[in-house]
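Colleague: what would the 3D arrangement of this be:
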Amino acid sequence: MLAVRMAATVLATWLCLIVALIAPSLLPQRWQWYIYSPASVGLWMLTMVVAPFVVCIFVWRWIKAGGK
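Modeller: Reported below is the predicted structural model:
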């Protein structure tokens with residue numbers, strides 16, 4: 001049960017980050033260079049690796065509790 005909740009937490013984190021990456025595509029075309037610059041995409045990629053660990057630390061009580 002621990003692994004399932006941890007996997008769900010990681011997948012939910014990745015889903016939120018993907019939505020955050022795609023959402024600015026609704027803005028006007030001239031803004032996209034500033035939002036999708038190489039630096040911001042690099043930071044997003046770094047966040048995809050680091051954020052799941054941070055989220056798991058913050059929700060560890062929920063992950064460890066299982067169905068209790």
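Colleague: who's in contact with the helix or strand of the chain with the lowest mean pLDDT?
Modeller: The least trusted helix or strand in the chain, going by mean pLDDT, DSSP states H and E, turns out to be helix 32-35, with a mean of 80. Residues from elsewhere that reach helix 32-35, judged by Cβ atoms under 8 Å, 6 or more residues apart in numbering: Pro24, Ser25, Leu27. For the C-beta atoms, the positions are set from N, CA and C on the backbone; glycine is no exception.
Colleague: nearest spatial neighbour of the first one, skipping sequence neighbours?
Modeller: Here the nearest residue to Pro24 in space, its sequence neighbours aside, is Ile35; by Cβ to Cβ, 6 or more residues apart in numbering that works out to 4.4 Å.
Colleague: ok, that neighbour - how many residues close by?
Modeller: Ile35: 13 surrounding residues under other Cβ atoms under 10 Å.
Colleague: where's Val4, which helix or strand?
Modeller: helix 2-22 (DSSP states H and E).
Colleague: off-centre distance for that helix?
Modeller: 6 Å (Cα atoms, centre = their mean, to the nearest Å).
Colleague: next one: Leu46 from Ser40, what distance?
Modeller: Distance, Leu46 to Ser40, by Cβ to Cβ, to the nearest Å: 11 Å.
Colleague: quick one: which of those two has more around it?
Modeller: More neighbours surround Ser40 than the other of Leu46 and Ser40, with 13 against 10 (other Cβ under 10 Å).
Colleague: of the contacts of helix 32-35, buried ones?
Modeller: In terms of neighbour count (16 or more other Cβ atoms under 10 Å), there are no buried residues within the contacts of helix 32-35.
Colleague: any chance of a markdown table for these, columns distance to Ile63 and secondary structure?
Modeller: Listed next are the contacts of helix 32-35 as a markdown table, based on distance: Cβ to Cβ, whole Å; DSSP: H, G, I helix; E, B strand; the rest coil:
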| residue | distance to Ile63 | secondary structure |
| --- | --- | --- |
| Pro24 | 31 | helix |
| Ser25 | 33 | helix |
| Leu27 | 35 | coil |
